[in-house]
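**Q** Compute the structure for the input listed below.
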Amino acid sequence: MASLAAVLEALLVLRGKPVPEELTRPPAITFQKGDALLTDHANGILGVTPSARRTRIMVTMPSEAADHPAIVRNLLKQGMHIMRINCAHDGPDAWAKMIEHLRKAEAKVGRQCKVSFDLAGPKLRTGEIEPGAKVTKLRPQKNVLGPVVAPALVRLVDAKLAGEVQTPSIPVYGDLLANAKVDDLVELVDARDRRRTLRVAEVSKSACQCEADRTAYIVPGTRLRLRRKRKLVGKATVGDLPASDGAIVLAPGDLLDVLRGEAPGRGPVVDEKGQLVEPARVSCSVPEVFNSVRARHRIFFDDGKIAGVIRSVSDERLRVEIVNAAGGAAKLHGEKGINLPDGELKLSALTAKDRDDLEFVCRHADMVALSFVQRPEDVDELIAELKQHDASQLGIVLKIETQLAFRRLPDILLRAMQHSPLAVMVARGDLGVEVGFERLSEVQEEILWLCEAAHVPVIWATQVLESLAQGGMPSRAELTDAAMGGRAECVMLNKGPYILQTLSFLRDVLSRMEAHQDKKMAMMRRLSVSKVEPAAKKH
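**A** This next block holds a predicted model:
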């Protein structure tokens with residue numbers, strides 16, 4: 001309202017018209033009071049930052065944090081303000097250990113840290129896929145011109161000891177291992193009926209490491225012959241191998257059946273002429289899906305990597321035509337997300353598991369994040385649950401991750417603002433799939449504006465500096481995204497091998513950007529390029 005009044009007053013002055021008295025009176029909420037309210041609300045739920053920086057950093061705990069206190073302690077030292085625990089993983093015993101490690105770390109580091117729990121919610125996922133073939137593929141490394149630059153390595157081990165070996169290996173029966181020497185040759189015929197030869201590179205008491213300079217597919221029962229200067233000196237047979245992860249390869253034009261229940265998924269069934277008999281299939285155990293969608297509705301799998309259109313709907317099956325797949329053809333695994341942006345699922349945001357988890361969460365958390373919130377009634381349900389656990393003081397974080405939640409955000413905010421403290425998380429992974437990635441920048445901008453107008457703090461989440469956390473090197477696009485996160489009151493990082501470096505990097509980016517930008521307002525700080533060294537004096 002302060003912004004609207006200021007603009008209207010300026011327009012009237014420019015047109016030479018009198019300014020009504022009501023516009024000259026101070027508004028109920030001035031710019032300064034609005035900033036102060038937002039700061040108070042952010043401090044109330046996210047905690048007061050120990051430095052001058054406004055934007056906090058939330059870090060998702062890996063499962064290893066339950067058994068390794070140093071993980072938590074190092075994150076706290078590097079600047080973690082909020083510990084995030086995802087209720088979709090681990091359990092109360094592990095969660096309790098993580099919190100215990102945090103409390104001890106707080107005492108050592110001398111700084112407090114909030115604890116946030118994400119309820120799992122009714123996440124739509126594909127069911128299990130039938131295991132793949134029991135096969136080990138040996139593939140040498142080649143350069144761009146084709147020649148082998150590094151052979152494939154495979155370890156042959158005694159089948160009786162295979163379970164004790166940690167490295168990838170092939171169990172074998174026979175006298176091959178007892179007789180093998182370095183530079184012996186192992187001959188075989190692989191699953192494609194191709195003759196292949198492996199060279200023995202290392203030998204130990206019950207194993208030998210071999211090198212292959214040609215691709216080979218080895219399956220259980222493959223016969224191995226050990227030769228030394230063409231003389232047969234040993235034999236072996238490959239034992240049982242673990243099945244490869246099940247996956248369905250889908251490309252545009254393919255059909256996919258989504259079945260109600262928990263039947264394992266599988267690829268398409270074809271006859272001896274290669275004609276399709278039955279489409280590929282996956283399962284979905286949420287029955288409400290089959291009552292909430294219609295033909296021609298869109299459906300997405302695995303964070304939008306595979307896109308389809310529903311062609312027909314029945315009580316037990318959705319027939320889907322694939323219209324897009326990342327890279328032209330993509331693998332669909334089990335436990336991957338399903339998004340249905342065109343239908344309204346009649347689902348409560350709180351599952352039975354969530355209600356059970358709340359018993360622990362209400363005793364240990366500072367805030368709880370409500371997943372899959374879609375309507376004001378979902379907020380009412382959570383508030384009622386908190387009251388039952390005598391935890392009405394617990395902060396609520398609304399995860400905006402669906403198109404429906406975005407459309408209803410003003411109503412959801414007004415209902416949730418009756419509960420304090422409150423924050424909003426922009427869950428941009430699912431949200432991008434739901435609204436379309438071409439609209440995500442616009443949508444997240446509108447969420448920031450609406451929440452600022454409501455004086456509700458925002459958590460900027462999903463894949464922030466993901467390449468850095470997972471692989472040790474950020475992409476250029478991620479750097480810009482991290483800088484944009486400074487417009488929120490908190491930025492969330494996911495777990496990864498390089499999370500400590502990522503946390504330090506993000507802290508530096510946020511500190512630099514806060515001098516340039518405060519929410520939507522440019523701070524007009526002195527630019528680095530203006531720091532010109534004075535010319536040297538002439539003697």
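**Q** all helices for the stretch 101-250 of the chain, in order.
**A** 176-179 (DSSP state H, counting those that start in this stretch).
**Q** just for it, where's the confidence low?
**A** 162-168 (pLDDT under 70).
**Q** For stretch 260-275, the averaged confidence score.
**A** Across stretch 260-275, the average pLDDT comes to 88.
**Q** Which residues does it contact?
**A** 126-130, 246, 248-249, 254-255, 276-285, 287, 289-290, 315-317, 332, 334 (Cβ atoms under 8 Å, 6 or more residues apart in numbering). In short, each C-beta sits where N, CA and C put it, glycine included.
**Q** Buried only: go through the residues you listed for me.
**A** 126-127, 129, 246, 248, 254-255, 279-284, 289-290, 332, 334 (16 or more other Cβ atoms under 10 Å).
**Q** Let me see the contact set for residue 220.
**A** 134, 238-241.
**Q** Make a markdown table from those residues and add distance to residue 296 and neighbour count to it.
**A** Formatted as a markdown table, these follow (distance: Cβ to Cβ, whole Å; neighbours: other Cβ atoms under 10 Å):
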| residue | distance to residue 296 | neighbour count |
| --- | --- | --- |
| 134 | 41 | 15 |
| 238 | 50 | 22 |
| 239 | 51 | 18 |
| 240 | 47 | 11 |
| 241 | 44 | 19 |
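**Q** got JSON lines for the residues you listed, with distance to residue 512 too?
**A** Output for the contacts of residue 220, formatted as JSON lines (distance: Cβ to Cβ, whole Å):
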{"residue": "134", "distance to residue 512": "53"}
{"residue": "238", "distance to residue 512": "57"}
{"residue": "239", "distance to residue 512": "58"}
{"residue": "240", "distance to residue 512": "56"}
{"residue": "241", "distance to residue 512": "52"}
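**Q** returning to that earlier point: what about the contacts of stretch 260-275, which are in helices?
**A** Judged by DSSP state H, the subset of those located in helices is 289-290.
**Q** Assign the closest residue to residue 65 other than its chain neighbours to helix, strand or coil.
**A** For residue 65, ignoring the flanking residues on the chain, the nearest one in space by Cβ to Cβ, 6 or more residues apart in numbering is residue 71 at 4.6 Å. Following DSSP: H, G, I helix; E, B strand; the rest coil, we place residue 71 in the helix state.
**Q** list the contacts for residue 71?
**A** Counting by Cβ under 8 Å, 6+ apart, residue 71 has contacts 61-62, 64-65, 101.
**Q** Out of these, which end up buried?
**A** Using 16+ other Cβ under 10 Å, the buried members of the contacts of residue 71 are 61-62, 65, 101.
**Q** since we're on residue 430, how many residues are nearby?
**A** 25 (other Cβ atoms under 10 Å).
**Q** That one and residue 404 touch, don't they?
**A** No - between residue 430 and residue 404 there is no contact under Cβ atoms under 8 Å: 11.5 Å.
**Q** got the phi/psi numbers for residue 412?
**A** phi -60, psi -40 (degrees, to the nearest 10).
**Q** measure it to residue 276 for me?
**A** With the distance defined as Cβ to Cβ, to the nearest Å, residue 412 ends up 44 Å from residue 276.
**Q** again with residue 298
**A** Counting by Cβ to Cβ - residue 298 and residue 276 are separated by 23 Å.
**Q** residues contacting residue 425?
**A** 369, 397-400, 458-459, 461, 492.
**Q** swap the cut-off to 7 Å and go again
**A** 369, 397-400, 459, 461 (Cβ atoms under 7 Å, 6 or more residues apart in numbering).
**Q** still on that earlier bit, among the contacts of residue 71, list the two that are farthest apart in space.
**A** Within the contacts of residue 71, 62 and 101 form the most distant pair, 12.3 Å apart (Cβ to Cβ).
**Q** ok, what's across the strand from residue 269?
**A** Counting by DSSP bridges, residue 269 is bridged to residue 278.
**Q** host element of the closest residue to residue 370 other than its chain neighbours?
**A** Leaving aside its sequence neighbours, residue 370 sits nearest to residue 382 (Cβ to Cβ, 6+ apart; 5.2 Å). Using DSSP states H and E, residue 382 sits in helix 376-388.
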